[in-house]
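Colleague: Sharing a model that was predicted from the sequence below.
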Amino acid sequence: VKNDRPSVTAAWVAACRGLYALLPEREQLARDDFGTRFLAAAQLPNVVTRKIFPRRALLYMQVRTRVIDDVMLDFVRSGGRQIVLLGAGFDCRALRFARELEGSTMLEVDHPATQSKKRRVLAHERGARTEYVAWNFESRPLAELPSELARHGHDRTKPTCTIWEGVTMYLTPRAIDETLRCVRDYSVSGSRLVFNYTDRARLDRPSFRDCVGARIVAAVGETFRFGFDPITLGRYLDERGFTLERNAPFRTLAGELLDERAARTTANNRFIAIASRSDPP
Ligand SMILES: C[S@@+](CC[C@H](N)C(=O)[O-])C[C@H]1O[C@@H](n2cnc3c(N)ncnc32)[C@H](O)[C@@H]1O
């Protein structure tokens, strides 16, 4: 991200989620009535919106958001009360699930420029209790984040659900490693971690479509930098205190939520990983 301005990709994905109503009802998996408020920050003229956000992109966001929504709601139903959004962007879960999250706290961690934009745009909305923690993952030591979260009311003795949506691809390997160690440090047994990622092999050997996507994000200063290897992810997480429960490509996830034709249009180089904090030996 650029230091002096809100994340443009955060505005794109929020707007993309917010355009759910362009899809037929059976494909509306995650309704976000706040997302289009960030269209202005997406720096796109409204008339071209439909071209910039093709059906494929809308479906991708519906699947991604829904799978993560379900992990969060499961966690809350089983008694969890703390949710940390790492690289929260313009995620509107605190508003979309205000009722389900009653009694829970959202701790939203993000780059200060993006976070202040979000707070301005949503200033008059009332949702679940939210604490904002401004943090640059690349320049502020992540080892200090657990104590900063604690200052905002996070209780390390209780389980946490950490959502790291749409962020891993933008970070350096060092920030990825430090983030996972930080999540391990503030997560007790019973905690969950969910994130999406790009297959490392597809970053190294991109298709034509991948190249177009990569150029577009690089042009707004948010270069794709990182991908995990889906084969070794389990071991990588295990070494950092997490047990990988599910590691599924988008096609598979889409196949469970959409009809076959719609599922086939979603990206096949992206994955969602769901993990839980391993019990200490
Ligand atoms: C594509 S957006 C995803 C936002 C949100 N999680 C969602 O899915 O709607 C990427 C987010 O990562 C954040 N981000 C990227 N690099 C960051 C960094 N070095 N420090 C803090 N946040 C960063 C951006 O500010 C942005 O909000």
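Modeller: Happy to help now that I have it. Numbering: from 1, shown residues only.

Colleague: in what helix or strand does the closest residue to the ligand within the chain lie?
Modeller: Of all residues in the chain, Gly89 sits closest to the ligand, at 2.4 Å by C-beta to the nearest ligand atom. All C-beta spots, glycine's among them, are computed from the backbone N, C-alpha and C. Of the helices and strands defined by DSSP states H and E, none includes Gly89.

Colleague: What count of nearby residues applies to it?
Modeller: 26 (other C-beta atoms under 10 Å).

Colleague: That one contacts Ala15, doesn't it?
Modeller: No - counting by C-beta atoms under 8 Å, Gly89 sits too far from Ala15 to count as a contact (11.3 Å).

Colleague: Okay, buried residues for the host helix or strand of Val217 please.
Modeller: According to DSSP H and E, Val217 maps onto helix 208-219. The neighbour-count check on helix 208-219 (16 or more other C-beta atoms under 10 Å) flags 210, 213-214, 217 as buried.

Colleague: Could you check it against the ligand for contacts?
Modeller: No - figure legend: helix 208-219 not in contact with the ligand (C-beta under 6 Å from any ligand atom); closest approach 8.4 Å.

Colleague: For that helix, C-alpha coordinates in CSV please.
Modeller: In CSV, the C-alpha atoms belonging to helix 208-219 read as follows (Å, rounded to 0.1, in the frame of the first residue of the first chain):
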residue,chain,number,x,y,z
PHE,A,208,-2.2,-14.2,-19.2
ARG,A,209,-5.2,-13.4,-17.0
ASP,A,210,-3.0,-13.5,-13.9
CYS,A,211,-0.6,-11.1,-15.6
VAL,A,212,-3.4,-8.6,-16.3
GLY,A,213,-4.6,-8.8,-12.7
ALA,A,214,-1.0,-8.3,-11.4
ARG,A,215,-0.4,-5.3,-13.6
ILE,A,216,-3.6,-3.7,-12.5
VAL,A,217,-2.9,-3.9,-8.8
ALA,A,218,0.8,-2.9,-9.3
ALA,A,219,-0.5,0.2,-11.2
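
Colleague: and the helix or strand just after that helix, what does it pack onto?
Modeller: Counting by DSSP H and E, the next helix or strand C-terminal to helix 208-219 is helix 233-238. With contacts defined as 3 or more C-beta pairs under 8 Å, 6 or more residues apart in numbering; DSSP states H and E, helix 233-238 has these neighbours: strand 242-249, strand 270-277.

Colleague: let's see it at 7 Å
Modeller: In terms of contacts (3 or more C-beta pairs under 7 Å, 6 or more residues apart in numbering; DSSP states H and E), helix 233-238 is packed against strand 242-249.

Colleague: want to throw the buried residues of helix 208-219 into JSON lines with distance to Lys158 and pLDDT?
Modeller: Output for the buried residues of helix 208-219, formatted as JSON lines (distance: C-beta to C-beta, whole Å; pLDDT from 0 to 100):
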{"residue": "Asp210", "distance to Lys158": "40", "pLDDT": "86"}
{"residue": "Gly213", "distance to Lys158": "39", "pLDDT": "83"}
{"residue": "Ala214", "distance to Lys158": "40", "pLDDT": "88"}
{"residue": "Val217", "distance to Lys158": "36", "pLDDT": "87"}
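
Colleague: Check the residues you listed and tell me the two furthest apart.
Modeller: Taking C-beta to C-beta, the two most distant members of the buried residues of helix 208-219 are Asp210 and Val217; they sit 11.0 Å apart.

Colleague: wait, Leu22 sits on Ala57?
Modeller: No - with contact taken as C-beta atoms under 7 Å, Leu22 and Ala57 are classed as non-touching, separated by 10.7 Å.

Colleague: Can you identify the element that follows the helix ranked longest in the chain toward the C-terminus?
Modeller: In the chain, taking DSSP state H as the definition, the longest helix is helix 55-77. Once helix 55-77 ends, the next helix or strand along the chain (criterion: DSSP H and E) is strand 82-86.

Colleague: higher neighbour count, Leu22 and Ala57?
Modeller: Taking neighbours as other C-beta under 10 Å, Leu22 and Ala57 compare with Ala57 leading, 18 against 13.

Colleague: where does this protein have its least confident helix or strand?
Modeller: Least confident element among the helices and strands of the chain, by mean pLDDT, DSSP states H and E: helix 49-52 (a mean of 57).

Colleague: What strand or helix carries Glu102?
Modeller: Going by DSSP H and E, Glu102 is not part of any helix or strand.
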